[in-house]
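In: Everything below, folded, please.
(one chain, ligands or ions: 2)
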Amino acid sequence: MIAPSILSADFARLSEEMAAVGGPGRGADWLHVDVMDAHFVPNLTLGLPVVESLLRSTDTPLDCHLMIDAPDRWAPGYAEAGAHNVTVHAEAAEDPVALAKNLRAAGANAGLSVKPDTPLESYTDVLKHYDTLLVMSVEPGFGGQKFIERVLEKVRAARRMVDTGHLNLLVEIDGGINSDTIEQAAEAGVDCFVAGSAVYGAEDPVRAVEGLRARALDASAHGSA
Ligand code: DX5
Ligand code: ZN
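Out: Numbers count the residues shown, from 1 in each chain. Ligands and ions are numbered 1, 2, ... in the order given. As a prediction, the model looks like this:
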């Protein structure tokens, strides 16, 4: 699956920009929405009122990535609003198991994200309560950064836990995904790829999404062969 990140879109024209990457069937499977609070990360983007408007202007499922402090307090609102997937940061959540239950009770899939230097081992039990694991392949905060290859070790570990039945979740990767990096991520076992600048920086965003998907499918076929 490919989830274009609207962080790299024109914020004055978000609904057109969401439409520009297509939807399920042709183009984006999910739309990735980066919520930043200038506390958990140094950058500031948008919050719940904007997400509520985005939900009214697209049929494509929204994948909300909350780079915020106190997600236990704020994340369930995004689930209640109708986001398909609500991802919180492991480093910020106080009680990630209770939070996952609240997100699911509000009708969303629960996602847990780990920054590049956060080990996965500490969260193996917690992840049993989650539907997605978002492995950050850049330091969260900004689009257009360079892919950090060493996080693929965490992707491989998560893939093994899913394949052996210890976890039941989608493995998602975020940061620096483009036509040069997507193949190694796919071979490592990623299910869902977030891409911001590689999609919105392209002349034809739908073609860029389709190109990324084709490369990922090709590489994952090799990875599992
Ligand atoms: C970074 C965000 C990403 C960002 C990715 O903190 O979480 O979703 O939009 O942008 P690219 O694909 O340009 O690295
Ligand atoms: Zn993101």
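In: So which residues on the chain come close to ligand 2?
Out: Residues of the chain lying close to ligand 2 (C-beta under 5 Å from the ion) are Asp34, His65, Asp174. Placement of C-beta: from N, CA and C, glycine included.
In: now those in a markdown table, with neighbour count?
Out: Listed next are the residues of the chain next to ligand 2 as a markdown table, based on neighbours: other C-beta atoms under 10 Å:
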| residue | neighbour count |
| --- | --- |
| Asp34 | 24 |
| His65 | 26 |
| Asp174 | 26 |
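In: all strands of the chain, in order?
Out: Here the chain has its strands, by DSSP state E, at 2-4, 22-23, 26-27, 31-36, 62-67, 85-89, 109-114, 132-136, 170-174, 192-195.
In: Could you tell me the least trusted of those?
Out: Note on the strands of the chain: lowest mean pLDDT is at strand 22-23, with a mean of 89.
In: Pull up the pairing partners for that strand, direction included.
Out: Taking DSSP bridges as the criterion, strand 22-23 forms sheet pairs with strand 26-27 (antiparallel).
In: mind listing the helices for the chain?
Out: Along the chain, counting by DSSP state H, helices occupy 14-19, 48-56, 71-81, 96-105, 152-163, 182-188, 197-200, 205-224.
In: Including mean neighbour count, could those go into TSV?
Out: Listed next are these as TSV, based on neighbours: other C-beta under 10 Å:
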stretch	mean neighbour count
helix 14-19	16
helix 48-56	15
helix 71-81	20
helix 96-105	18
helix 152-163	18
helix 182-188	22
helix 197-200	23
helix 205-224	17
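In: Tell me where the chain is predicted with low confidence.
Out: Applying pLDDT under 70 to the chain flags the ranges 223-225.
In: re earlier: keep only the residues of the chain next to ligand 2 that also lie close to ligand 1.
Out: Asp34, His65, Asp174 (C-beta under 6 Å from any ligand atom).
In: Tell me who's in contact with the first one.
Out: If you count contacts by C-beta atoms under 8 Å, 6 or more residues apart in numbering, Asp34 has them with Ser5, Ile6, Leu7, Thr45, His65, Met67.
In: gap between the last one and Val86?
Out: Looking back up the chat, that one is Met67. Here the distance between Met67 and Val86 works out to 12 Å (C-beta to C-beta, to the nearest Å).
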